[in-house]
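Trainee: sequence and predicted model, in that order:
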Amino acid sequence: MCEKFFFIFFIRLFSRLRLAARMIRQIVAFHGKMGSGKDTAATYLINRLQTIQFPNLSTCKEVSIHQVSFAEALRRSLCYLLSRSPNYRIDYENTLSETDKAQIIPAFALKDVDMNKEFLHLFNNSWNAVLKIQRQELDGDLEKKIAQSVKIFTSLIQTNQCTIGKALQILGTEIGRNIWDENLWVKLALHQICNYFATPSRSEYLFTIITDLRFPNEYHALTHFDPTIVTRPTLIVFIDATQRLSLKDKKNQGRDVKHASETMLPLDPTNSHLKIIDNNSTLENFFSNLDQHFQTSIFDFILKRKQVHNTSFVILLILVFLFLLCWC
């Protein structure tokens, strides 16, 4: 009877330990107006996760971080289109900073380039990897989509006043979302996230950090992720810098502050996924606000989980000892 009791106890405890030892996978996404501090907040969180010390936890080994951008595939698509001509070239790194985004794209960037051929190449070798549209399903619609894309893109560049930031907005929304698929950039980003979480890892905590949440469909995809892939609810962090920003401050950044990518995502303060962080004061106050939020939403969870895990193993050792004592 005693042996049976301990055996059942061990089975239940082992099940709890397996649950506790399950790899934690979580997404943290930042949303806010251009210049509100999304990248700054993401960098701060990454540095804290890499350096924070917990009792009996080696962060560098047990915490893994992967930064993803909904606009990464968009930026690479723009770089491809603007690098087909021998007269002009743009690298991925030249699309990241605010200074780079304000640079004018010369009209000769598309000189002697067959844009129909290049958009077809993008569809076949990049976009359709996630869209998975069979050519026969398009039934002539492919040529129409390409023609529409070429018309919008070339007319934009040929103004000789288009900035890199503006080109990203138009290629991303008016072409990618409106012509090809509303979820094109979402699918490409989620494909990357799923690959990261599916890759075998020794880390116990896997975080994906996203710095450019802008549209409702992106929000929906992140907050309705398959729970077998993302094991903790997604954190949506809205950076509120409305008092610090103005149209005048941002008019020379090369992007349209009234574009859909800056105004589309509605905010519901009562949503459990959403946390609003104030960034209308100093950088020190901003970091303090971030610390307070992440302390309760991430850091305390890791610490408590580790403590429970360690306590459970101690109890298991004691029970094993008692079981062996009883057995003998």
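Mentor: In hand now; what should we look at? As the structure is a computational prediction, the values presented were derived from the model and not from experiment.

Trainee: count the neighbours of Leu274 for me.
Mentor: By other CB atoms under 10 Å, 16 other residues sit near Leu274. In short, each C-beta sits where N, CA and C put it, glycine included.

Trainee: what ranges do the strands span in the chain?
Mentor: Assigned by DSSP state E, the strands in the chain fall at 24-31, 63-68, 205-213, 235-240, 274-278.

Trainee: of those strands, which is nearest Gly165?
Mentor: strand 205-213 (12.6 Å; CB to CB).

Trainee: what lines up beside that closest one in the sheet?
Mentor: strand 24-31 (parallel), strand 63-68 (parallel) (DSSP bridges).

Trainee: still on that earlier bit, so can I have JSON lines of the strands of the chain showing distance to Ala42 and mean pLDDT?
Mentor: Below are those laid out as JSON lines (distance: least, CB to CB, whole Å; pLDDT from 0 to 100):
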{"stretch": "strand 24-31", "distance to Ala42": "6", "mean pLDDT": "90"}
{"stretch": "strand 63-68", "distance to Ala42": "7", "mean pLDDT": "88"}
{"stretch": "strand 205-213", "distance to Ala42": "5", "mean pLDDT": "90"}
{"stretch": "strand 235-240", "distance to Ala42": "9", "mean pLDDT": "88"}
{"stretch": "strand 274-278", "distance to Ala42": "12", "mean pLDDT": "86"}
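
Trainee: any chance of JSON lines for those strands, columns distance to Ile90?
Mentor: Output for the strands of the chain, formatted as JSON lines (distance: least, CB to CB, whole Å):
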{"stretch": "strand 24-31", "distance to Ile90": "25"}
{"stretch": "strand 63-68", "distance to Ile90": "21"}
{"stretch": "strand 205-213", "distance to Ile90": "19"}
{"stretch": "strand 235-240", "distance to Ile90": "28"}
{"stretch": "strand 274-278", "distance to Ile90": "33"}
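
Trainee: out of those, which gets nearest to Thr223?
Mentor: Comparing the strands of the chain against Thr223 with CB to CB, the closest turns out to be strand 235-240 (7.1 Å).

Trainee: before we move on, back to that, for the strands paired with strand 205-213, which one ends up most surrounded?
Mentor: Most buried of the strands paired with strand 205-213 by mean neighbour count (mean count of other CB atoms under 10 Å) is strand 24-31; its value is a mean of 23.

Trainee: quick one, that one and strand 274-278 angle?
Mentor: 50 degrees (axes from the mean of the first three to the mean of the last three CA atoms, to 10 degrees).

Trainee: what does strand 24-31 contact?
Mentor: Strand 24-31 is contacted from outside by 38-39, 41-42, 45, 193, 197, 204-214, 218-219, 222, 225, 229-239, 265, 267, 298, 305, using CB atoms under 8 Å, 6 or more residues apart in numbering.

Trainee: are any of those residues buried, and which?
Mentor: Among the contacts of strand 24-31, those classed as buried by 16 or more other CB atoms under 10 Å are 38-39, 41-42, 45, 193, 197, 204-214, 218-219, 222, 225, 230, 232, 234-239, 265, 298, 305.

Trainee: among the strands paired with strand 205-213, which is nearest Asn285?
Mentor: Per CB to CB, nearest to Asn285 of the strands paired with strand 205-213: strand 24-31, 17.4 Å.

Trainee: how distant is the closest one from the center of its chain?
Mentor: 7 Å (CA atoms, centre = their mean, to the nearest Å).

Trainee: and it, C-alpha only, in PDB?
Mentor: Extracted in PDB, the C-alpha atoms of strand 24-31 (Å, rounded to 0.1, in the frame of the first residue of the first chain):
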ATOM      1  CA  ILE A  24       8.700  29.000 -22.600                       C
ATOM      2  CA  ARG A  25       8.100  30.800 -25.900                       C
ATOM      3  CA  GLN A  26       6.800  34.400 -25.900                       C
ATOM      4  CA  ILE A  27       6.400  37.300 -28.300                       C
ATOM      5  CA  VAL A  28       6.800  41.000 -27.200                       C
ATOM      6  CA  ALA A  29       5.600  43.500 -29.800                       C
ATOM      7  CA  PHE A  30       6.000  47.300 -29.700                       C
ATOM      8  CA  HIS A  31       3.600  49.700 -31.300                       C
END
